[in-house]
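Visitor: Requesting a structural model of the entry that follows:
(2 chains)
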Amino acid sequence: MRRESGGRVDRSRTLRFRFDGQDYTGHPGDTLASALLAGGVRQVATSVKLGRPRGIFSAGSEEPNAVVQIEEPFPEPMLPATTVELYDGLVASSLPGQGRLATGPDPARYDAVHAHCDVLVVGAGPAGLAAARAAASTGARVILADEQPEPGGGLLGAWPADVVEGLLGAEWATATAAHLKALPEVRVLARTTVFGYYDDNYLVAVERRTNHLGAAAPAHVARERIWRIRARHVVLATGTHERPIAFAGNDLPGVMLAGSARTYLNRYGVLPGRRAVVFTADDSAYAAAFDLADAGVRVAAILDVRPSPGEALAREVAKRGIVLLAGHVVTAAQGDGQVASVQAGRHRPEADPAVAEHAFDADLLLVSGGWNPVVHLFSQSGGRLRFDETLGTLVPGDSRQAVEVAGAARGVDTLSGCLADGAAAGERALGGQAAAAAPPPVDVPTAGGQAFWLVPASDYAAHFVDMQRDVTVADLHRATGAGLRSVEHIKRYTTAGTAHDQGKTSGLLTTAAVAHALGERMGELGITTFRAPYLPVSFAALAGRDRGPLHDPVRVTALHDWHVANGALFENVGHWKRPWYYQRVLADGRLEDMETAVLRECRAAREGVAMMDASTLGKIDVIGPDAGEFLDRLYTNLMSSLAVGSIRYGVMCRPDGMVFDDGTVIRLAEDHFLLTTTTGNAAAVLDWMEEWLQTEWPSLRVYCTSVTEQWATVALVGPRSREVLAGLAPGLAVSTADFPFMTWREAEVAGIPARVCRISFSGELAFEINVTSWEVSRLWTAIMDSGMVTPYGTETMHVLRAEKGYPIVGQDTDGTVTPQDLGMSWVVSKKKADFIGKRSFSRADTVRAGRKQLVGLLPEDPDFLLPEGTQLVSTDVPATVGTVRGGAPPRTVPTLGHVTSSYRSAALGRTFALALVSGGQSRLGERLYAPVGDALVPVTVTSHVLYDPEGTRRDG
Amino acid sequence: MMLLIPCPWCGPRDEAEFHYGGQAHVAYPENPAALSDEEWARYLFFRDNPKGAFAERWSHSAGCRRWFNALRDTATNEIHAVYRVGEPRPVTS
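Guide: Got it, this is the predicted structure:
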């Protein structure tokens, strides 16, 4: 019910919204929760496991119950109604414990800011504002972040009538924030929750920039923004959460934290009920009772578990005609769907079950078990928590980071105390080493609170601890009954504290109930670890701009536009987009399928001439007097003996002898080499070279530079490639005698200065033409203009190289494969004293028989294409007998290896595959089986070189 | 995590700019051929895993691209010292 005046909502404007199909109204300044309470809505959700009705329990981000689904303007699941600012056109519905993600893409933008500051203050309540003002007073760079739409914290709800520096609390907060905002080095972030505290004072926050505008949010403004802040010093002024008490029926709609009811009244001008009972172990609930009574709520009774609240409070109670039962507890809240009556009885300190002696009609039951400092971020920072027996709760202890906690978050519970504590923390922060100096002890008036967590009973099945997970004290007893004692284990056994509120209200209550069951002290049991995030953060916010095309960098070659215009489909190789195959339009207007296109491209390369954009190959320029020596140490074979003008294939291994990369090495001059790497490994190879140069061989005079982008490479392949090249490079002697295999020449090709290499990755006569990236389009077009050349993509390249048994590092190898396993003992130098990997080739594991070796496979059905990754078995292995219930014993045989590459070959007129097979080289001619689906496909093991094993074709 | 790592060449930078290189002061053996299989395996596969101060290698891979060593407490992530490749591990109390 909305009062006619009071609170901080703007009654001059009306906002319309819909909840569960009903229309309601509210005002700017409302949350969805306050507007629902104003509209008389009691049940806001249904519990996940037991289907019990649940209402609004709190007024902040600690809310365990009132979790709703936003339907419009854009679906968003599982938001606490207490944190959703009301806007016009909001449509929401109650949830049975689980939400629904949007099915369409989120049209909103999200972004991120990286920020640095001298002092980050978290929380803009009295302590946080005082700290920020003190820190800012000397010109320090300060960020003040607060999760509410307006500053003030407790001043907005709990201390509405208090005066600070001559102003009403909320006005002082507004004025102080405005003063801070006007300072050039201060940033005040409203609607911003700091949710993670990491090493070296790195904190992450989410700012909700336009969520509160609903459909009126401007599209060009990021909906949410992630702040990644590195702070020299942090002041945590995160306040407190009120503690619930466990009793029968404590989850009914109408049961509410006392301080939250006070907030609904003072901040939103809403009465959350008409007839209230207050149940407390603490003085602060009296203030709530008095505020509500003075606003017209009939407060039927105050049940105080303590023997007496003291004379002053008793006088105030009497003045309002409220029944005060000291030393009493609530034995049960009852009602059908919401609180209708409250049963009460005497508190028996010896922990005997309380017996109902009184009953009060009420639609509102306010509860206060005292207050817990919000220590989540402090704990995340690596700070130790200390159990304070007087306060009955955890308070911050020491931290190794430059952080301190101020105000209510460290147990200070008066306004003047919070202001003074915050100012002192802000001043200390300026020194930058404040953490070293312990904050002076604050004289904490404890409000005479008594730690009281649960009402003893004979049946605990309706004493709820974690309302979002439907965990009761009885569930905790099942855990302790099963022998569990650690709160971490009990959390996982019962799920208490694992809901999306992460146990903000239930965490310490769980510890208290476990301590009660085990007869232990809460301080001994501790609490489950506080982990980031403090509250749920959407993946959209965390992803920010890094989605869609900006998710990952895309690299394209200088010929990309041509590929796109000529029907190429693309394959991702590392960050590169490489043409996969070129799809032609057939005579009947249909598009070629992949199989047809690849067979056509393969045939062109083997029978005529074809070309490929090979620009993505990694290229590293290596220069210096010791370059040859350096490459000798890196590669398994000898590179220093390479003649200027020649090219050599090489393999690099890790020290464990496993293949790391392969490529070619070109000697440009005595002290100058250019080496190529696999497309995906270019950066890793450069890093590898730098690592060895810097950490092991700093005396070698060598410089390594990536030139991948500077050089574009066109591979011209096929028996007629010489003819095409000769036509374009009249000045180049192209005969085998003048230009032998594995040499390079400088020449003009199509009038463009080029380095031409006789390298073949297909077994055919081939030339790799390297020009600057600027000119490659012209070269490519000139070659196409010959009218003889078919462009081909990576799939054809793979088929051609596999027919020749050339492995692809990372496809036919997996980090457990030596050069010898690949049938390349010839690439491993016997002459060199040492190179990376050499010592490992004589380890017992690398010389043993039965290592997996690269072989070829021919399926007996020449049309059957083996799926890559298929396992290979032999039926010669005896069956292992096991039993399967209700069926035949399974026939289990060890796998001998797997298929690494598999293609259709135009040249072979059939399918074939490469595979890593245990002892493969000694199995040539053997029949193995490949389980594919339900079938065992017979295959014959062959040499991995299936096409032109004599190498007769490379000279054309 | 998300350490602030003081690169000895560039000054303090975010962890995201760095590449981790494991335990420091594990030199490539001078003559691998002279080592037994076990000694070689120890070089290849065995590294310390202390709780507390640990000398480890980092590379400022998205910055100056230099390798350096750091003395980091593995329990608290505090970096007590950074020093250049080839320098001895600093003595800390």
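
Visitor: Surely residue A:705 touches residue A:621?
Guide: Yes: counting by CB atoms under 8 Å, residue A:705 touches residue A:621, with 4.5 Å between them. All C-beta spots, glycine's among them, are computed from the backbone N, C-alpha and C.

Visitor: More neighbours: which of these two?
Guide: Between residue A:705 and residue A:621, counting by other CB atoms under 10 Å in any protein chain shown, residue A:621 is the more crowded of the two (17 against 12).

Visitor: For the more buried one, list each beta-bridge partner.
Guide: Residues in a beta bridge with residue A:621, per DSSP bridges, are residue A:674, residue A:705.

Visitor: Would stretch A:832-848 count as contacting chain B?
Guide: Yes: using CB under 8 Å from any CB of the partner chain, stretch A:832-848 reaches chain B at A:833, A:834, A:838, A:839, A:840, A:843, A:844.

Visitor: Is the closest residue to chain B within the stretch 51-200 of chain A part of a helix or strand, or is it coil?
Guide: Nearest residue of the stretch 51-200 of chain A to chain B (CB to the nearest CB) works out as residue A:200 at 3.8 Å. The three-state assignment at residue A:200 reads helix, by DSSP: H, G, I helix; E, B strand; the rest coil.

Visitor: Mind pulling up the pLDDT for the closest residue to it other than its chain neighbours?
Guide: Sequence neighbours aside, residue B:4 is the residue nearest to residue A:200 in space, at 3.8 Å (criterion: CB to CB, 6 or more residues apart in numbering or on different chains). pLDDT for residue B:4: 96.

Visitor: what do you get for residue A:878?
Guide: Reported pLDDT for residue A:878: 46.

Visitor: Bridge partners for residue A:743, pull those for me.
Guide: Residues in beta-bridge contact with residue A:743 (DSSP bridges): residue A:646.

Visitor: tally of neighbours for it?
Guide: For residue A:743, using other CB under 10 Å, the count is 16.

Visitor: Touching, it and residue A:647? I think so.
Guide: Yes: Residue A:743 lies in contact with residue A:647 (CB under 8 Å); the separation is 6.4 Å.

Visitor: Give me the common contacts of these two.
Guide: When contacts are counted by CB atoms under 8 Å, 6 or more residues apart in numbering or on different chains, residue A:743 and residue A:647 have A:757, A:758 as shared neighbours.

Visitor: Buried among the residues of stretch A:832-848 next to chain B? Make that a PyMOL selection.
Guide: To isolate the buried members of those in PyMOL, using 16 or more other CB atoms under 10 Å in any protein chain shown:
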select buried, chain A and resi 834+838+839+840+843
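
Visitor: quick check, nearest of the residues of stretch A:832-848 next to chain B to chain B?
Guide: For these, the nearest to chain B is residue A:839 (3.6 Å; CB to the nearest CB).

Visitor: if I look at that closest one, how far off is residue A:106?
Guide: 55 Å (CB to CB, to the nearest Å).

Visitor: cool, and residue B:88?
Guide: 54 Å.

Visitor: okay, those two: which has more neighbours?
Guide: Set residue B:88 next to residue A:106 and count neighbours by other CB under 10 Å: residue A:106 wins out with 16 against 9.

Visitor: which residue sits closest to the more buried one in space, ignoring its chain neighbours?
Guide: residue A:540 (5.4 Å).

Visitor: Roughly how far does that neighbour sit from residue A:83?
Guide: Taking CB to CB, one finds residue A:540 at 17 Å from residue A:83.

Visitor: Between the two, which is the more surrounded one?
Guide: Between residue A:540 and residue A:83, counting by other CB under 10 Å, residue A:83 is the more crowded of the two (22 against 17).

Visitor: May I see the buried residues of the helix or strand harbouring residue A:604?
Guide: Secondary structure assignment for residue A:604, by DSSP states H and E: helix A:594-607. Within helix A:594-607, the residues scored as buried using 16+ other CB under 10 Å are A:597, A:598, A:599, A:600, A:601, A:602, A:603, A:604, A:605, A:606.

Visitor: helices or strands up against that helix?
Guide: Packing contacts for helix A:594-607, counted by 3 or more CB pairs under 8 Å, 6 or more residues apart in numbering or on different chains; DSSP states H and E, involve strand A:576-582, strand A:790-791, helix A:794-803, strand A:897-905.

Visitor: Apply 7 Å and report the result again.
Guide: Packing partners of helix A:594-607 (3 or more CB pairs under 7 Å, 6 or more residues apart in numbering or on different chains; DSSP states H and E): strand A:576-582, helix A:794-803.

Visitor: do you know how far the closest residue to residue A:196 other than its chain neighbours is from residue A:571?
Guide: Excluding the flanking residues, the one nearest residue A:196 by CB to CB, 6+ apart is residue A:532, at 3.4 Å. Residue A:532 is 38 Å from residue A:571, where distance means CB to CB.
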